[in-house]
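Novice: The following block contains a protein sequence and its predicted model.
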Amino acid sequence: MSYSDYGDNDPIYGDDLADEDRESRPRLMLMGLRRSGKSSIQRVVFHKMTPTETLFLESTSKINKDNIQYVWDFPGQMDFFDPTFDTTAIFGEVGALVFVIDSQDDYMEALARLHSTVVAAYRVNPNITFEVFIHKVDGLSEDYKIDTQRDIQQTTTDELADAGLENVQLAFYLTSIYDHSIFEAFSKVIQKLIPQLPTLENLLNILCANSGIEKAFLFDVISKIYIATDSSPVDSQSYEICSDMIDVIIDISSIYGRAAIGAKSQGYLDDQQDQSDDWTHQQDGHDDYEDSNGGGHGHSQAVVSNSSRAGSLNNQPAQSGGNHEAFSVIKMGNGTVLYLREVNKYLALICLLRAETFEKQGLIDYNVHCFKEAMDQVFELKRAERTRREMEANQLLEQQQHNGLYGHG
Amino acid sequence: MNRDMLKLRKDPTIPPSAAATVNTSTTNAFPVSPRLGGTGGDGRGNRSGRQRTSPKGSGAGSNVASVPASSNASVSSAQHTATNGGPTVGYNTLGSPGYISGPNGLGIGAASGGGSSPLVAGNGSHSQQDGSGANDGQSPLQPSISPISTPNTYKFDTNGALWALSASPDYSSVAVVGRDGNEYIDFLKILNVTEWGAEEAINLKAVGVRNNFAGSMDVKWGPTTGRDIMNGRHNEGRDAKIATIGTNGPIVIWDIGTHNKIGRTIKEHTRSVNRICFSPQEPNLLLSASSDSTIRLWDLRAGNKPGTVMDAKEVVREVQFNPTSMNDIVAGYESGNIQRWDLRNPLTGEKKFMAHIGFVTSLDYHPSGRFLASGGRDKTIKVWDMEDEKRREIHTIPTIQYTSKIQWRPNRPYQLAASFKDESTVQVFDVRRPYVPLHILSQHDKDVTSILWKDSDVLWTVSKDKTFASTLVKGKTISADLLPGGKAAMNCYGQLAFTVSTKAGPDSFERDLVPKPGRPIAKAVALDGSSEPMVYRTRQTGGVFDCELFNHEAFIYCAQNYSMEGGNIREVCEHNSNVAWQANKYRDSQAWTALKLFFSEMADPAIVLSQVDAVASEATTTTATKEEEQQDDDDDIDTLETRATKPVVPSLFAIKVSDAPVKRNWSHDDTIRNMLEFYAEQGEVQMCVTILLVLADEEDLPEFKLSEQWFGSYIDLLSRFKLWSIATAVSQACKDVRIHTMNQDSTTIHTSCSSCMKPILTRAPSSSGFWACDRCRKVLSSCSVCHKTVRGIFTWCTQCSHGFHLQHAQEWFSQSAECPTGCGHQCFPEMLKIQREQEEQMSLRQETPDNEHDPSHPHASLQHHSHHLRPRSVHSHPQQELASNPGHSTLRAADSSDAKASSSLSYLPYNVV
């Protein structure tokens, strides 16, 4: 399946940006000692490689510029501070520098390297955000995890303070490619680079508040990174279940998805019709489940319901560019409902809500529809006038508040 | 019960506005003795009081009605009977109208108008309260502690999911924020609260801004006077200040009292505000923590002046004032860090430390101002000593979910209450006993969102189930007392370990505190200011009881000595028979003998009979095997052996009579099958497996469905007795693929310290890593010669398990056969021979002149085979140098031993890894 790549497009910024726009887009750099897991991270997050396959990755010998994602994977052996290396060119345009530390190894050398990297990069470009992934923590016990992070964090910040760089802010994450932690960490890294984040967050907040949604994520479907969420704290369970939902939907849609559906330009009302059909069907399924399991709890026993037009989530994104949209609802045994709706080609909105709230599905559908329009306008604005982007977005936001998004009367 | 109540509560017939029918009088309604015995509909004053029905609809109030009404004493006694009687008390699901016995009629919930389902969750209902202590409303034998009309225990329905609460400074009123579930409109309500109930005083839904401006995430009542506002006696211009935040909007400061309007809105934060906090000392200072990575300080007197900005550089989730120091605040971040700030220096934060994995959810300063409790996404509550530089928590409480709110209990320096995400109970912990909550309060049906101690005995909570609840914590059952104290467990040696707890008295908790053990270096400080920190120790006594259920000695002996190789079945069976005999397993011995007979190609009668004779002292020839079983007086065994020996009998006759060689010309399938099935039934997998292995090469061996299970359980059993090698041998010998490959998949190698058995964990070798034990501080895998850690090839003696550097081992054992540790083990007996030869040669050589040392001595080539341990040139060894003889002879000796050494490599007692 070819959805493992982005093609030429960028999920966040839309596909039709001019080339000069691309040049100025923030770049993400993966650095760290050799064999610390940089390439594995890149493959797992952006290329859908399974974690076990990464065992067989060769060590990276040259800079691997993933132009699509703007993630540069640096070979660990490389000495950036060789005078022949143009640090200005390297660090000048970097948005975020991700430094990967192998927590299962002796990390003293890595810390020294991190320190010199940060010092050099900060001199060139003080706007870089520094992110430290304390990687491979799957091998550590809980106690050691926190000890390790504390130790690394303490050593690093103390050293930076000694070097007179108290203002450099390092963010630390415990990551592992064997669970969702790497995706979550990357989500937070990416979010810092998205200038529209406050706007998106606000839009999601309004959506949640007015639709009785407990938690909403805006996912980049392919990498399973969430680029925005509402402002309530993210607990790992809800993130994991939403992330798993994407997998389920993609798998199901690759089996049952109607590939040509995008060609049929369907109006919103048609969507509604389809949904209600599917909804009844889904109710049956759910009842069956209740009978057999006695209403037991557990996320794993979810009832997968419809995925009527999930076909467009797969590798045929935009044939008509019209109203095609993937949509899916999963009702779970513990009374939670997962609601997925495609926002644009690469983004999907996933909401977690209680079954009681979901009885007002029409309201939710309508609000999500408004949310999508608002999203379109946000990115439209960016194209139109980049410099005043945020102000405009805020105006839009207020407009949204008054016009569309609050609950029915 | 609770579930039923839940259903009733959701009854759509209950008009949502019913909650508004709350009483008109709060004070005159008590103390009125609740009137019992009334039948349904006998509401006192108003209907929204506590209602109950009898468990069996028709018998409504039957047992309650029998109690003489109208006296307080009888009320409580009735309650006692009821509770103790268990099944007689309870909320019913059936629709018969119950009686109403609200002590004052103060409204909780929606009275249903006596319709089909009259029940609303009782306010302060006795059984519920009792049940909440036990987290189980149905433990009937629970002693009832409080009388029927418990003050401070009630619920009040606000008709909207609540998110936060805050109390006026005198605790006479409570501000709650929530969201109307039907209209999705936020509201701020002021409730007047008394000991007996609450009433709604102000609802600012109408007053507030139309959309979600007001917000519902947090509310804080400014410490200015809020007194008497609700009674209309407020002073002009002395409005209470209440601050609220929403998910989305700005911070809103409300003027409550005269105006009930928005005083000021603060919009400076660019992202959502997560927490606000008023300074306890300076009522006009307000702190806000926001996702835009700033903490801001607002002075409400300063008009619309922008606040002081503290740039935290991380998303701030929580902020708190130190209750004792005006300028000291603490902030919790999304990254799990906690940082202290001094308001006088807003540019740079102070001490920052890593507290949790994942974000910090809640913070609360201890009333002493020194300690801080924090809750995090890693499902722990940690207590920190903020004056300590170590940045280590002094207490950790593991919780069922991550906390949504924690608060220290006033006047109980060790206790704190916590509410959790997606959890309808509130738990009160004592940090000295972190693993069991002191109390579990289950007043609510849905997630509790916020908590507040009114005083040291009363806890106020708000929940998504739309209610505000007050709970009298004092006198609640200590949940740990309900835990069963007795436990028992058995090991494979037949020993039963058990514990019995001595019954705890009412004040058992305080009495059972003992000084905290631990390293004397760690200068732990007690939260109540006393010098010695205490921990709780359960009152349990335990013991070990030896119950002779399983003869493990015989099992081990047999396991170690049974031969499992196929080969000559006769010999193997005979060997095993002897082993079983030695182990006093006469029956098994007999079985082996029988097997041997079955598989004897040529039965030599003399041998057979002498065998049988040897086995059975008083047996006659023909019935030898049968009578042997007299030693076992089990009937089953007799029948088995009868069955087993049946085919043998004619053969023995034949032997006796004709003396002719016996061919195995009939099938023993049935017999063997019976035998194996019998042993399987007895649980003797050892026999089953060994027999199967011994007979593995027999072609006509019947198939056994369960053989895989037998092997599995035998291997498991061997592992329990730590007979690892035998277990491996069994799995290797088994022909079943799944058993055979058992060792090949998912093999984990666990390493543990050889002296204290503490597991060596894979960890970053920042401190000691793999090379030393954390607990006993000993070097791991050290060389017995140089006492340094061996990195790389480690060589050890498989018998005495002392290890060496390969080189050191070579050097040492080129001279000595004994272990260098002095354990006395002859690690290298070859050396004795070598030494002897050496001596002989030396004595020879002393007579004859030296030969020249052969320069082509293959030392160099030998070095390549580093896994071949072989004596090495030792001329560098000082002791040897001191020897009277020149080095040549020793070299020579080494040479002469080369051939032997290489021939004996296969059984050298050294393993090389």
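Specialist: Cool, the structure landed.
Novice: pLDDT at residue B:333, what is it?
Specialist: Per-residue pLDDT puts residue B:333 at 91.
Novice: got the contact list for it?
Specialist: B:312, B:314, B:315, B:316, B:317, B:339, B:359, B:360 (Cβ atoms under 8 Å, 6 or more residues apart in numbering or on different chains). Where you see a C-beta, it was placed from the backbone N, CA and C, and this is true even at glycine.
Novice: Pull out the buried residues from these.
Specialist: For the contacts of residue B:333, a burial check counting by 16 or more other Cβ atoms under 10 Å in any protein chain shown picks out B:312, B:314, B:315, B:316, B:317, B:339, B:359, B:360.
Novice: Tell me where the stretch 201-350 of chain A is predicted with low confidence.
Specialist: Counting by pLDDT under 70, the stretch 201-350 of chain A has low-confidence residues at A:257-325.
Novice: What strand or helix carries residue A:188?
Specialist: Under the criterion of DSSP states H and E, residue A:188 resides in helix A:181-193.
Novice: Check residue B:580 too.
Specialist: Going by DSSP H and E, residue B:580 is part of helix B:569-582.
Novice: How about residues contacting that helix?
Specialist: Under Cβ under 8 Å, 6+ apart, the answer for helix B:569-582 is B:557-558, B:561-563, B:565-566, B:586, B:588-593, B:595-596, B:599-600, B:611, B:615, B:690, B:694-695, B:697-698.
Novice: What are the buried residues along it?
Specialist: B:569, B:570, B:572, B:573, B:574, B:575, B:576, B:577, B:578, B:579, B:580, B:581.
Novice: Need the per-residue pLDDT for the third one.
Specialist: With respect to pLDDT, residue B:572 has a value of 86.
Novice: Select from the contacts of residue B:333 every entry located in helices.
Specialist: Using DSSP state H, no member of those falls within helices.
Novice: out of the residues you listed, which one sits closest to chain A?
Specialist: Proximity of these to chain A (Cβ to the nearest Cβ) peaks at residue B:359, which lies at 5.5 Å.
Novice: Identify the spatial nearest neighbour of the closest one, chain neighbours not counted.
Specialist: In space, and not counting its chain neighbours, residue B:359 is closest to residue B:334: 4.5 Å by Cβ to Cβ, 6 or more residues apart in numbering or on different chains.
Novice: check contacts around residue A:339.
Specialist: A:213, A:328, A:329, A:350, A:351, A:352, A:353, A:358, A:364, A:368 are the contacts of residue A:339 under Cβ under 8 Å, 6+ apart.
Novice: Keep those, but drop any that are not near chain B.
Specialist: Checked against chain B using Cβ under 8 Å from any Cβ of the partner chain, the contacts of residue A:339 give no members in range.
Novice: Now render the residues you listed as TSV, adding secondary structure and neighbour count.
Specialist: Converted to TSV, the contacts of residue A:339 look like this (DSSP: H, G, I helix; E, B strand; the rest coil; neighbours: other Cβ atoms under 10 Å in any protein chain shown):
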residue	secondary structure	neighbour count
A:213	strand	23
A:328	strand	27
A:329	strand	22
A:350	strand	26
A:351	strand	27
A:352	strand	21
A:353	strand	22
A:358	helix	22
A:364	helix	22
A:368	helix	22
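Novice: Alright, calling it a day.
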